[in-house]
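Asker: Structure here, sequence nowhere to be found:
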């Protein structure tokens, strides 16, 4: 008798890394907005409810940002996600994560040098991270709860 093996995340309590194996330090790719045009760009969310994003500075001497974009199969288009799910941020603006200049090499940075947010993404099929890959490093995971 064959054993059924699920190929999606299902309902998850613990965030699942969207860029690689669980527990691995797999970064997501930060891209330019002009490259977002295909349904295969970005990362699948498996219809999870929350997106957890961690951003660090690459020590380039200035504060940097990453904007989170969403793709919905029903519309077939990319657009910046709204911030209604980020606490402490004015609702109705794009989901932009700013990390301050650390003046510290990435290998020497500590937790206080990083920025982490959780964004509600219910119904978003794919997410992408727009910014300058030379300026920031970014990790992301999704969860149901």
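Answerer: That came in fine, so what should we check first? This is a predicted model, so every value here is computed, not measured.
Asker: Distance-wise, check the nearest residue to residue 66 once chain neighbours are set aside relative to residue 27.
Answerer: In space, and not counting its chain neighbours, residue 66 is closest to residue 131: 4.2 Å by CB to CB, 6 or more residues apart in numbering. Any C-beta I mention is one placed from the backbone N, CA and C, and that applies to glycine too. According to CB to CB, to the nearest Å, residue 131 stands 12 Å off from residue 27.
Asker: Compare those two and say which one has the larger neighbour count.
Answerer: Per other CB atoms under 10 Å, whichever of residue 131 and residue 27 has more neighbours is residue 131, with 21 against 17.
Asker: Only the buried residues of the lowest-mean-pLDDT helix or strand in the chain, if you could.
Answerer: Within the chain, no helix or strand scores below strand 96-99, which has a mean of 86 by mean pLDDT, DSSP states H and E. Buried residues in strand 96-99, counted by 16 or more other CB atoms under 10 Å: 96-97, 99.
Asker: again, but for stretch 102-115
Answerer: Buried positions in stretch 102-115, judged by neighbour count with 16+ other CB under 10 Å: 102, 109, 113-115.
Asker: ok, now stretch 37-45?
Answerer: Buried, per 16+ other CB under 10 Å, within stretch 37-45: 41-43, 45.
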